[in-house]
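Engineer: Sequence and computational prediction follow.
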Number of protein chains: 2
Amino acid sequence: MLEVGRALSCENRLNLLMALTEGEATVSELVDYTGTSQPNVSNHLAVLRSVGLVASERSGRTVRYELASPEVGNLVKALMAVAEDRELTGRT
Amino acid sequence: MLEVGRALSCENRLNLLMALTEGEATVSELVDYTGTSQPNVSNHLAVLRSVGLVASERSGRTVRYELASPEVGNLVKALMAVAEDRELTGRT
DNA sequence: ATAAGATATCATCGGCGGATGATACGTGGT
DNA sequence: ACCACGTATCATCCGCCGATGATATCTTAT
């Protein structure tokens, strides 16, 4: 549980998870999406995978990542929901 | 969103949230529950409150804390669910 | 076989967050 | 008014995590 929580404590990883909520994606695509460096993205993806939040699959010379399970999707959505009315409540 | 994620990245805070999932509780009760020091618990509760995950209300000389909203409950449950099959999958 | 593209790994460094102990604040009882 | 209890705040120290740059690995094309 702690390790899962930790995985959610970094902006880049949250962006990656949100991106993957919309479907699978390539590392390069995620690099473009997050706007950070490729090693950085790979590092964070490695963290997410080691924790079991995402899964990867090689496809040619690229690697496609996706959320590991629907429950992870629920988790991300729950997080977004809380963050949402946090802003509506002006708690930002 | 980042601040909410950060709030989930520490074991003591996760324990506090789990405890509060079962209902409201006093600081002292939470101190007993978590087994850590009172200042530490107060600190983490302050973090959770500043982020909007919990709410507090004074009752006599004690202070009662509770989850700020049902969505927070959902978030914690989603977290527990993911952590759960993480262990079942032997990813611990 | 070699080169280029895509991804992963590694080492270093700097900054931030958590634990701890001391102390302040507030509240109710006597 | 004073004291005891419950809670909050503050300062310091330390460990860990993320960013960065260099480099390794794997894959496909020529």
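Structural biologist: Okay, I see it. Residues are numbered from 1 along each chain as shown, chains lettered A, B, ... in the order given.

Engineer: how close does residue A:3 sit to DNA strand D?
Structural biologist: Taking CB to the nearest atom of the strand, to the nearest Å as the measure, residue A:3 falls 9 Å from DNA strand D. Just so you know, the C-beta spots here come from the backbone N, C-alpha and C atoms, and that holds for glycine as well.

Engineer: so where's chain A shaky on pLDDT?
Structural biologist: Across chain A, nothing is flagged by pLDDT under 70.

Engineer: Quick check: residue A:92 touching residue A:86?
Structural biologist: Yes: if you go by CB atoms under 8 Å, residue A:92 and residue A:86 touch, sitting 6.6 Å apart.

Engineer: more neighbours, these two?
Structural biologist: Between residue A:92 and residue A:86, counting by other CB atoms under 10 Å in any protein chain shown, residue A:86 is the more crowded of the two (21 against 10).

Engineer: can you tell if stretch A:30-39 touches chain B?
Structural biologist: No: using CB under 8 Å from any CB of the partner chain, we find that stretch A:30-39 stays clear of chain B, coming within 13.2 Å at best.

Engineer: Mind listing what's buried along that stretch?
Structural biologist: The neighbour-count criterion (16 or more other CB atoms under 10 Å in any protein chain shown) identifies A:30, A:31, A:33, A:34, A:36 as the buried residues of stretch A:30-39.

Engineer: Next: stretch A:85-92.
Structural biologist: Those buried within stretch A:85-92 under the rule 16+ other CB under 10 Å are residue A:86.

Engineer: need the contact list for the residue nearest the centre of chain A.
Structural biologist: Compute the mean C-alpha point of chain A, and by CA atoms, centre = their mean the closest residue is residue A:17, 1.8 Å away. By CB atoms under 8 Å, 6 or more residues apart in numbering or on different chains, the residues touching residue A:17 are A:8, A:48, A:53, A:54, A:67, A:72, A:76.

Engineer: Output the set of residues of chain A in proximity to DNA strand C.
Structural biologist: Taking CB under 7 Å from any atom of the strand as the contact definition, chain A meets DNA strand C at A:26-28, A:31, A:38-39, A:42-43, A:45-46, A:56, A:61-63.

Engineer: now the residues you listed in TSV, with secondary structure?
Structural biologist: Output for the residues of chain A next to DNA strand C, formatted as TSV (DSSP: H, G, I helix; E, B strand; the rest coil):
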residue	secondary structure
A:26	strand
A:27	helix
A:28	helix
A:31	helix
A:38	helix
A:39	helix
A:42	helix
A:43	helix
A:45	helix
A:46	helix
A:56	strand
A:61	coil
A:62	strand
A:63	strand
